[in-house]
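Asks: Generate coordinates for the sequence data below:
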Amino acid sequence: MLNITLLGTGGGMPIPNKFLSSALLRYQSRKILIDCGEGTQVAMRVNNTGFKSLDIICLTHGHGDHIFGLPGLLSTMANSGRSTPVTIIGPLGIKDKLEGLISAIGFLTFEIEILESPKADLFIQLKPQGLVVTEHTVGNSQTSDIILSTLNLDHATPCIAYSMYIPRAPKFHLERALAKDIPKIYWKRLQKGETVKDGNNIYLPKMVLGKARPGIKFSYVTDTRPIEAIPDFIHKSDLFICEGTYSNDEDIEKAINYKHMIFSETANLARLGKVKELWITHFSPSIEDPKIHINNVVDIFPDTRIGIDGLSKTLAYPNSNDSED
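Replies: The predicted structure is shown next:
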């Protein structure tokens, strides 16, 4: 299962009733943070998330309202006793953006690995030390706990969207393994999609596994104009979190000029992407109460929630017919 919490929903600058837009993902007691603007660690304290088990920080881009919270957060993590490495992922140029911020911290108790502008999917595995990111996987993608994809967006600076998919292994049929006299020591490897050779015997995963089952998909898009690639990127997400910097269609000129979106454009992406649920975030400071503009969205995509700080949801594997062959 994957838990998602909106730490903040504001854009541009923090205001008294909104932290800057960021989201925290919790998977098997470990954590992934998306964006880290000013005040993010305060929002984490408000939501009682803890700091020590944060393994991965995904940055959409290098604008201040998305990265200025990093020095304080990393310093707090060091003070909490963090010792294992932290991975920061971001778009082209993010290393240069972070160099000064990180150097200002001084002493850290852990290493930081920066992955800039991934050219392909990243694979995240849960290990004893936490969530570990690799740029390739051996064998079947089922060996990864989370598959992380990125998409280049259309903003004033290099910016990327994130999509995370948690695969679900096909059902293991014990009766098939017993009927084929497959040694028990190989069952776990077959469940992971591996082919096992034992002398003259070759055991294939399909000998004991049922049909593929859908996993969990989560997508996050902010600070961009709508682009043609987004609906495919977010396709059938269980939850799609997307910016809606401006609420009314009358603000389209501002949205175009500043490379952002209006509510109706956000809703249309959700509709085209056939997602299950949409949360809108990254509101302009000029929007005092985003909820009053909900009608600009639900007529296009009914399953929409206007994001509020602290909004949280746990995504579980969808129901499927486990009896299928």
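
Asks: which non-adjacent residue is nearest Ser312?
Replies: Leaving aside its sequence neighbours, Ser312 sits nearest to Thr5 (Cβ to Cβ, 6 or more residues apart in numbering; 4.2 Å). Where C-beta positions appear, they are placed from N, C-alpha and C, glycine not excepted.

Asks: what does Ile308 give?
Replies: Using Cβ to Cβ, 6+ apart, the closest residue to Ile308 is Thr9 (6.3 Å).

Asks: which ones are touching the one you found?
Replies: Thr9 sits next to Lys18, Phe19, Ser21, Thr281, His282, Phe283, Pro290, Gly307, Ile308, Asp309, Leu311 when contact means Cβ atoms under 8 Å, 6 or more residues apart in numbering.

Asks: what's the spacing between the last one and Asp303?
Replies: Distance, Leu311 to Asp303, by Cβ to Cβ, to the nearest Å: 14 Å.

Asks: Looking at these two, which is more packed in?
Replies: A count of neighbours by other Cβ atoms under 10 Å puts Leu311 above the other of Leu311 and Asp303, at 17 against 14.

Asks: Torsion angles phi and psi at the closest residue to that one other than its chain neighbours?
Replies: Excluding its sequence neighbours, the residue lying closest to Leu311 (Cβ to Cβ, 6+ apart) is Leu6, at 4.5 Å. Main-chain torsions, Leu6, degrees, to the nearest 10: phi -80, psi 110.

Asks: I figured Leu6 was touching Ile280, is that so?
Replies: No - between Leu6 and Ile280 there is no contact under Cβ atoms under 8 Å: 10.2 Å.

Asks: Please put the alpha-carbon coordinates of the helix or strand of the chain with the lowest mean pLDDT into CSV.
Replies: When each helix and strand of the chain is scored by mean pLDDT, DSSP states H and E, helix 187-191 comes last, with a mean of 88. Provided in CSV are the C-alpha atoms of helix 187-191 (Å, rounded to 0.1, in the frame of the first residue of the first chain):
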residue,chain,number,x,y,z
TRP,A,187,9.1,-21.0,-5.2
LYS,A,188,10.2,-17.6,-4.1
ARG,A,189,12.4,-17.1,-7.1
LEU,A,190,9.6,-18.2,-9.4
GLN,A,191,7.2,-15.8,-7.7
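
Asks: Number the chain from 838, please
Replies: In the new numbering, first residue 838, that becomes helix 1024-1028.

Asks: Please state the offset of it from the chain centre?
Replies: 28 Å (Cα atoms, centre = their mean, to the nearest Å).

Asks: Just checking: what are the partner strands of the next helix or strand after that helix?
Replies: For helix 1024-1028, the succeeding helix or strand toward the C-terminus, using DSSP states H and E, is strand 1033-1035. According to DSSP bridges, strand 1033-1035 forms sheet pairs with strand 1038-1040 (antiparallel).

Asks: Pull the distance from the helix or strand following the partner strand to the chain's centre.
Replies: Remark: after strand 1038-1040, the chain's next helix or strand is strand 1050-1058, criterion DSSP H and E. Strand 1050-1058 has its C-alpha centroid displaced from the chain centroid by 9 Å (Cα atoms, centre = their mean).

Asks: got the buried residues for strand 1050-1058?
Replies: Neighbour counts over strand 1050-1058 (16 or more other Cβ atoms under 10 Å) mark Arg1050, Gly1052, Ile1053, Lys1054, Phe1055, Ser1056, Tyr1057, Val1058 as buried.

Asks: circling back: tell me the contacts of the residue nearest to Leu1148?
Replies: Contacts of Leu843 (Cβ under 8 Å, 6+ apart): Ser858, Ser859, Ala860, Ile1078, Trp1116, Thr1118, Gly1144, Ile1145, Asp1146, Gly1147, Leu1148, Ser1149.
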